[in-house]
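*Asks:* sequence and predicted structure are below.
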Amino acid sequence: MTQPRLSAKTRRSHYAWVVLISAMAMSALSAEVRQSFGVFIDPLVETYGWSRGAISLAYSAAFVGSVVVSLAFGSSIDRIGTRRVLLLGVTGIISGLVLTGTATTLWQLYLYYGLLFGGLGFLLNVVIPVAITRWFAKGVGIALGLMWASIGIGGILGPVAFRWLITTVGWRHTFFLAGAVIGVPMLAALYFFHGRPQDKGMTAYGEEPAPSPARAVETTAAISLAHLADFGRIRRSLPFWHLINIHFLGCVGHSILLAHVVSIAIFRGVPGLAAAGVLSVMAATSAFSRFGISIMADRFGGRKTLGLAFLMQATPIPFLFWATETWQFYLIAIFFGLGYGAEMPSFPIVNRQYWGALSPLNAIYSWQMAGAMTGMALGGWVGGVLFDITGGYTWSIGVAFVFTATGLVPILALPRHRPGVILVPTPAPAQGGVAASPVQDPD
């Protein structure tokens, strides 16, 4: 039986860093388009006369597709193989972008952008963060921070670049170019990606002592059976459902702004290219918070960083009621970007803190992402529909604030994290009920 390779301390370099770089490349490239949807709303209105609510439904369809994909693949990713799942996701991104450029009806827009690009493409967001937590036993906060920051960096150039391309070659050719330019390097990065160190016969970066050979070469069938049993118990615990609800509420709040802040700015008189820059500023500041909050969550606990993220996200939203100048939108974008960027990175870390590195992290995170994508779908759609009904964005801004602020309630209901202690739900008795008993993390 093959012995696992030496740990990070006995090697000059570690393949975990190769995995991280490839993950950052795929995340940044996909984020360039995903965070730029707002710049396509006005061109589609001008081309076809579709309502903003109808166009926003394509944005929502992308996240509805993500929910279906997350739940369908979440518990079987380890059995299928992360690289195969990611290949399906990258293929969905490329084909979805190219076909969206050919759309002439709303149902085509929903199918190509929603199901292909949004649904299948979102597999990257489910698989990659969990893989990083498995490759790094040491420095997981820094590694996840770099990965999340790459998403923010990808969103910096995207909105402005796509707005420039739309005015230069039209929105159709912009989608064609995006599919080609983004697809090739994503496939190249995927070649170097592996989901677990055991797939390369290695231990995680910084893992000491090395695990036994039996553990290092666990079969995927054994993993699947063990994870199914663990996941059934975890799913009956309150923290599991609190975290899903938290992600749902937060994503409703920031989805409204991510999908409509460009249109809000244009509606208030800001020029189109400058309005697209509002999204870029949000992405830029989110890159800092994505990185910093990951390190803080690893050190101080994800419960605290989730609370901080929601406070930072909610605070600047009401100022949009009075914003009319370009500088005001940019100032709001700076602070809102810090808040919304800080939300998502805490979840993979808090999952490991609550349930341990050997728990079914893909399945747990998939359910949380299903809650998040349901929120993104609802928020993006509601923002457009409320404009169609009222002729303005006042109600949309109000709804964004209410949902974000409400997210603080389930955050306060989460149990406090104690370093070195994980929550392991004991099997439920016949009459129901689950007790969470602390045991030492085997890692």
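*Replies:* Nice, thanks for sending it over.

*Asks:* the strands in the protein, which residues?
*Replies:* Assigned by DSSP state E, the strands in the chain fall at 421-425, 436-440.

*Asks:* weakest of those strands in terms of mean pLDDT?
*Replies:* Ranked by mean pLDDT, the strands of the chain bottom out at strand 436-440, which scores a mean of 38.

*Asks:* excluding chain neighbours, what is closest to Phe136?
*Replies:* Using C-beta to C-beta, 6 or more residues apart in numbering and skipping residues adjacent in sequence, the residue nearest Phe136 is Ala143, 4.4 Å away. No exception for glycine: its C-beta is placed from N, CA and C like everyone else's.

*Asks:* and Trp17, by the same measure?
*Replies:* Taking C-beta to C-beta, 6+ apart, and ignoring the residues beside it in sequence, Trp17 has Tyr205 as its nearest neighbour in space, at 7.7 Å.

*Asks:* equivalent analysis for Tyr393, please.
*Replies:* Sequence neighbours aside, Ile264 is the residue nearest to Tyr393 in space, at 4.8 Å (criterion: C-beta to C-beta, 6+ apart).

*Asks:* same question, Arg235
*Replies:* Leaving aside its sequence neighbours, Arg235 is closest to Trp367 (7.6 Å, by C-beta to C-beta, 6+ apart).

*Asks:* gap between the one you found and Ala297?
*Replies:* In this structure, Trp367 lies at 19 Å from Ala297, with C-beta to C-beta, to the nearest Å as the measure.

*Asks:* where does Asp230 land on pLDDT?
*Replies:* Among the per-residue scores, Asp230 shows a pLDDT of 74.

*Asks:* same question, Gly38
*Replies:* With respect to pLDDT, Gly38 has a value of 74.

*Asks:* ok, now the one 10 residues further on?
*Replies:* Each residue has a pLDDT score; the one for Tyr48 is 85.

*Asks:* what is the neighbour count of it?
*Replies:* Tyr48 has 15 neighbouring residues, counting by other C-beta atoms under 10 Å.

*Asks:* Asn245 is in contact with Ala372, isn't it?
*Replies:* No. Taking contacts as C-beta atoms under 8 Å, Asn245 lies outside contact range of Ala372: 10.5 Å.

*Asks:* ok, the nearest residue in space to Ala309 that is not next to it in sequence to Ser289 distance?
*Replies:* Residue nearest to Ala309 in three dimensions, not counting chain neighbours: Ala342, with 3.6 Å by C-beta to C-beta, 6+ apart. Ala342 sits 4 Å away from Ser289, going by C-beta to C-beta.

*Asks:* then Ala149?
*Replies:* For Ala149 relative to Ser289 (C-beta to C-beta), the value is 9 Å.

*Asks:* higher neighbour count, these two?
*Replies:* Ser289 (27 against 23).

*Asks:* contact partners for that one?
*Replies:* The neighbours of Ser289, taking C-beta atoms under 8 Å, 6 or more residues apart in numbering as the test, are 152, 309, 312, 337-339, 341-342.

*Asks:* repeat that for Gln328.
*Replies:* 319, 322.

*Asks:* now do stretch 64-75: everything it contacts.
*Replies:* Contact with stretch 64-75 is made by 80, 85, 114-115, 118-120, 122-123, 125-126, 227-228, 231, 360, 362-363, 365-367, 369-370, 373-374, 376-377, as judged by C-beta under 8 Å, 6+ apart.

*Asks:* if we use 6 Å, what do you get?
*Replies:* The contact list for stretch 64-75 (C-beta atoms under 6 Å, 6 or more residues apart in numbering) reads 114-115, 118-119, 122-123, 126, 362-363, 366, 369-370, 373-374, 377.

*Asks:* can you show me the CA trace of that stretch as CSV?
*Replies:* Output for stretch 64-75, consisting of C-alpha atoms alone and laid out as CSV, is shown next (Å, rounded to 0.1, in the frame of the first residue of the first chain):
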residue,chain,number,x,y,z
VAL,A,64,-32.2,28.9,-9.1
GLY,A,65,-30.1,26.7,-11.4
SER,A,66,-27.4,26.9,-8.8
VAL,A,67,-29.7,25.7,-6.1
VAL,A,68,-30.7,22.6,-8.1
VAL,A,69,-27.1,21.9,-9.0
SER,A,70,-25.8,22.4,-5.5
LEU,A,71,-28.4,20.0,-4.0
ALA,A,72,-28.1,17.5,-6.8
PHE,A,73,-24.3,17.2,-6.7
GLY,A,74,-23.4,18.2,-3.1
SER,A,75,-23.5,14.8,-1.4
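
*Asks:* now do it: distance to the chain's middle.
*Replies:* 13 Å (C-alpha atoms, centre = their mean, to the nearest Å).

*Asks:* low pLDDT regions in the stretch 251-400 of the chain?
*Replies:* Confidence mapping of the stretch 251-400 of the chain against pLDDT under 70 gives the ranges 357.

*Asks:* so where do the helices sit in it?
*Replies:* Assigned helices in the stretch 251-400 of the chain, in chain order: 272-300, 302-314, 326-343, 346-355, 361-390, 394-406 (criterion: DSSP state H, counting those that start in this stretch).

*Asks:* as CSV, the ones you listed with distance to Ile132 would be great.
*Replies:* Formatted as CSV, the entries for those read as follows, by distance: least, C-beta to C-beta, whole Å:
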stretch, distance to Ile132
helix 272-300, 10
helix 302-314, 15
helix 326-343, 17
helix 346-355, 7
helix 361-390, 11
helix 394-406, 27
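
*Asks:* next, count neighbours for Leu165.
*Replies:* Burial measure for Leu165: 17 neighbouring residues, criterion other C-beta under 10 Å.

*Asks:* fine by me, thanks again.
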